[in-house]
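S.K.: structure for this input, please:
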Amino acid sequence: MKFIIRLIMIYLFSCLLYLIPSKFLSLDFFKIKEIKIEGNSKILSNELTELIEKLYNTNIWEIDIKKLEEYLKQDVRIEDIKIENPDLGLLKIKIKERELAYYVQLKGNVYLLDQEGRIFGTLKERLEKDIYFMVTKDENEIVKLLELSKILDDSILKNLISQIYIKDKDCIEIILLDGIIIKTDLFVEKEKYKILETLYNELIKTKKVEYIDIRFDDFIVKSSEEKNNGK
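M.R.: Modelled structure (predicted):
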């Protein structure tokens, strides 16, 4: 008798194990009914709309969150992403987009560049921002100009720059918004740019400056003429 009872118990337990995944876990109770996106992404709006449509009304047990995160991270526009299921029926997607640091003109097109020098989009994908352009011939030049840009990031002159480009193997030219050219290279020390700020502000009060060359021990200034009455 005990043996029969034991068999019945094993049978009932087996049925229970079967019914939990096949019946209970498939209830509408576990389906995604709300998806919250944190990050307010505009350039990813189409992709996110498509993702929401696929995930909505899907059983949470059918979603491999880690694999989904890894898949979405393949998008170069995404720096980081975190997907959470904090409550039944709710899926929360936190997106960190790559931040625009510079524009880079390469082979006739203008791309978006992040602080690490990674291209992650084109100009039309973002609202224009008040930052300067790197004008380059190839990706090797991007690396060199990025090195200079990180120095310029701490300079007041950064906000006065229109574009930078490699003139030749010995010279990088920085074009300011007023047309003045700063001639430099990757060997110029950071402190020199601080001195340049003061020199620039003094020179433009009285002279029409064509360029300032900071590659040597002494600053070389070429001016076309004196300004009249400081104008």
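
S.K.: how far away is the residue sitting nearest the centre point of the chain from Asp75?
M.R.: In the chain, the centroid-proximal residue (CA atoms, centre = their mean) is Arg98; its distance is 2.0 Å. For Arg98, the distance to Asp75 equals 10 Å [CB to CB, to the nearest Å]. Heads up, the C-betas are built off the backbone N, CA and C, glycines and all.

S.K.: could you do Glu141 as well?
M.R.: 26 Å.

S.K.: now do Val209
M.R.: From Val209 to Asp75 the distance is 45 Å (CB to CB).

S.K.: the more surrounded of these two?
M.R.: The neighbour comparison of Val209 against Asp75 (other CB atoms under 10 Å) goes to Val209, with 21 against 16.

S.K.: lowest-pLDDT helix or strand in the protein?
M.R.: In the chain, no helix or strand scores lower on mean pLDDT, DSSP states H and E than helix 2-19, which sits at a mean of 49.

S.K.: mind listing what's buried along the helix or strand following that helix?
M.R.: Elements were assigned by DSSP states H and E; along the chain past helix 2-19, the next helix or strand is strand 34-38. If you call a residue buried by 16 or more other CB atoms under 10 Å, then strand 34-38 has these buried ones: 35, 37.

S.K.: describe which strands strand 34-38 pairs with in its sheet and in which direction.
M.R.: strand 90-97 (parallel) (DSSP bridges).

S.K.: ok, and what's touching the partner strand?
M.R.: 32-39, 41, 43-44, 48, 51, 55, 60, 63, 77-86 (CB atoms under 8 Å, 6 or more residues apart in numbering).

S.K.: tell me the buried residues within the residues you listed.
M.R.: 32, 35, 37, 41, 43-44, 48, 51, 55, 60, 63, 77-79, 81, 83.

S.K.: among those, which one lies nearest to Ile195?
M.R.: Nearest to Ile195, judged by CB to CB, of those is Glu79 at 35.7 Å.

S.K.: quick one: pLDDT of the closest one?
M.R.: Glu79 carries a pLDDT value of 90.

S.K.: tell me the angle of the helix or strand hosting it relative to strand 90-97?
M.R.: Using DSSP H and E, Glu79 sits in strand 78-84. With axes from the mean of the first three to the mean of the last three CA atoms, to 10 degrees applied, the angle from strand 78-84 to strand 90-97 works out at 170 degrees.
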